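Trainee: How does the following fold in three dimensions:
(chains A and B)
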Amino acid sequence: NAGVTQTPKFQVLKTGQSMTLQCAQDMNHEYMSWYRQDPGMGLRLIHYSVGAGITDQGEVPNGYNVSRSTTEDFPLRLLSAAPSQTSVYFCASSYSVDRTEAFFGQGTRLTVV
Amino acid sequence: QQQVKQSPQSLIVQKGGISIINCAYENTAFDYFPWYQQFPGKGPALLIAIRPDVSEKKEGRFTISFNKSAKQFSLHIMDSQPGDSATYFCAAPPSGTYKYIFGTGTRLKVLA
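Mentor: Now for the predicted structure:
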């Protein structure tokens, strides 16, 4: 099994550009989420989804959009990139939000110049 | 904003020593308390988890201790090895939400 696959692994954007970070899982998990990781800040939740067609905001949602049209895919869109969005982004999935292991992708390192 | 407070932020331990990392949460409706381990350049991966019907769980050199009344749980790494050098995260979804919130992480370095 591939698990959780994120693309791309690295990306450089100019301020104001938009892009989509892709996330796909093949474990039929209902719960998916996006985190950003910054030094000293840990993993901060951006958006999450409890199932296809259902999404909600996390701790730091501003500047990001998500959608969940299928169980497998959960893309993260940066609407107008800013230097403050320079970070490492992780997608995660789990069978449910509680009582089960979360599986993480390998991350996308994004730099906004 | 519900928080998950993790300490210390960083930890240096000699090979063979004991590493202890603590996690305190405010309220959670869930009964699953995990610790994740992350190596540089990789995504976090589950290390060990506990359900609150027991106060302690041991897997090899790794032990979770859980104190429900104090709303705290801790990770103990016995006989710490250089290969344990990584960042460790706890997690506790706040009650009334589906937000899977992590602590701020503890960077462990085990000296050879």
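
Trainee: going forward, measure contacts between C-alpha atoms and count neighbours the same way
Mentor: Noted.

Trainee: how about the residue in chain B positioned nearest to chain A, what does it touch?
Mentor: Per Cα to the nearest Cα, B:T104 is where chain B lies closest to chain A, at 3.9 Å. If you count contacts by Cα atoms under 8 Å, 6 or more residues apart in numbering or on different chains, B:T104 has them with A:40-43, B:4-6, B:9, B:89.

Trainee: Close to chain A: what parts of chain B are there?
Mentor: B:9, B:30-32, B:41-46, B:89, B:93, B:98-105 (Cα under 8 Å from any Cα of the partner chain).

Trainee: Any quick ChimeraX command for the buried ones out of these?
Mentor: Provided next is the ChimeraX selection string for whichever of these are buried by 16 or more other Cα atoms under 10 Å in any protein chain shown:
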select /B:9,30,32,43,44,45,46,89,93,98,99,100,101,102,103,104,105
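
Trainee: returning to that earlier point: if any of the contacts of B:T104 are buried, give me the ChimeraX selection for them.
Mentor: The buried residues among these can be selected in ChimeraX (16+ other Cα under 10 Å) with this line:
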select /A:42,43 /B:4,5,6,9,89
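
Trainee: and the contacts of B:T104, which of them are in strands?
Mentor: A:42-43, B:4-6, B:89 (DSSP state E).

Trainee: Which residue, neighbours along the chain excluded, lies closest to the closest residue to chain B within chain A?
Mentor: Chain B sits closest to A:G42 of chain A, with a gap of 3.9 Å, by Cα to the nearest Cα. Computed as Cα to Cα, 6 or more residues apart in numbering or on different chains, the closest residue to A:G42 that is not its neighbour in sequence is B:T104, at 3.9 Å.

Trainee: Low-confidence stretches in the chain?
Mentor: In the absence of a named chain, chain A is used. A:1 (pLDDT under 70).

Trainee: let's do chain B instead
Mentor: Using pLDDT under 70, chain B drops low at B:1-2, B:29.

Trainee: Just the strands from chain A, written as ranges.
Mentor: Under DSSP E, chain A gives strands at A:4-7, A:10-13, A:19-25, A:31-38, A:42-51, A:54-57, A:64-66, A:76-78, A:87-94, A:103-104, A:108-112.

Trainee: contacting residues around stretch B:35-52?
Mentor: Contacts of stretch B:35-52 (Cα under 8 Å, 6+ apart): A:90, A:101-107, B:31-34, B:56-57, B:59, B:62-64, B:66, B:68, B:75, B:85-91.
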